[in-house]
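Asker: quick check, what structure comes out for this input:
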Amino acid sequence: MRAKEIIELMNNWALPILIDHWDNTGFQIGDENKEVNRILVALDLDMEVYEKAVKEDFDMIITHHPLIFKPINSIITSNYRGKLIHDLIRNEIVIYNAHTNLDQAENGVNDELAKLLELCNPTVLKLNDLVLESSYGYGKVGDIKEIELVDYIKQIKEKLNTDHLIVYGNQERKINRVAICGGSGSEFIYDAYKQKACIYITGDIKYHDAQLGAELGLTIIDAGHYHTEKVILPVIKEYLEKETNCNIYVEIWERPSPLYKIY
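Answerer: Sure thing, here's the model as predicted:
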């Protein structure tokens, strides 16, 4: 298949209309007519991912986070990103990302996270006001069987395969309604409160975000940007294999840990 056919498949799932106004994502580098036989799927694109792609003859890299996010003034090999872009072009590797559109898509990041954390009948946490259909938006909120928070924390760690969570607010409580948002979801804290969630699971929570949650009586769990979004990688692989009848080899690049470590 040609790259543009793969891109079309991804765009049929992660609709470009869902890309947020501040985001820059989609087809970013390469020849749309390139024949693609091997695809590497990753959360981010860095030199390690690039080197694997070159070493193992991958034709295309699909990531969640965009390589080119802010405008760039030059592509020169004396800086990290410039060299990476230069080398990707030189080796004719096609680059595509699905970011905020995959966050909001059906069966996207937040649907998968909700499924993993066993939310019943999840609905959208924050609807996309620019799209008429009610199924699109950021985050999910749903019910669970009532459980002590401390026991649900153990389940979260197991499901996300992480040893550490940061928990803000009341921890001595039972919970039966959960809001989630993969990645950085601090802007939806009030939405979680309005939808009567007991806890809100997301990433990148700052001090004043935690204060707001405490004032609202909402317990917030920071499970990390990486751990709340890595769940989409197997879904991308499964989707592409299904849509191409397994005629294309798809491999997931999974780091053993995110870019930080808690000691």
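Asker: quick check: phi and psi on residue 124?
Answerer: Main-chain dihedrals, residue 124, degrees, to the nearest 10: phi -70, psi 130.
Asker: is it in a bridge, and if so with what?
Answerer: Beta bridges link residue 124 to residue 140, judged by DSSP bridges.
Asker: next, count neighbours for it.
Answerer: Using other CB atoms under 10 Å, residue 124 has 19 other residues around it. Heads up, the C-betas are built off the backbone N, CA and C, glycines and all.
Asker: report the separation between it and residue 252.
Answerer: Distance, residue 124 to residue 252, using CB to CB, to the nearest Å: 27 Å.
Asker: kindly report the same for residue 174.
Answerer: 36 Å.
Asker: repeat that for residue 120.
Answerer: Going from residue 120 to residue 252 by CB to CB gives 28 Å.
Asker: mind showing which ranges of the stretch 151-263 of the chain have poor pLDDT?
Answerer: Counting by pLDDT under 70, the stretch 151-263 of the chain shows low-confidence ranges at 256-263.
Asker: which parts of it are strands?
Answerer: 166-168, 174-184, 199-203, 219-222, 249-252 (DSSP state E, counting those that start in this stretch).
Asker: show me what counts as buried in the second one.
Answerer: The reference is to strand 174-184. Neighbour counts over strand 174-184 (16 or more other CB atoms under 10 Å) mark 175, 177-184 as buried.
Asker: dump those residues to TSV, plus distance to residue 79.
Answerer: Below are the buried residues of strand 174-184 laid out as TSV (distance: CB to CB, whole Å):
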residue	distance to residue 79
175	47
177	47
178	42
179	40
180	36
181	33
182	30
183	26
184	25
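Asker: give me phi/psi at residue 144?
Answerer: Per-residue torsions, residue 144: phi -130, psi 160 (degrees, to the nearest 10).
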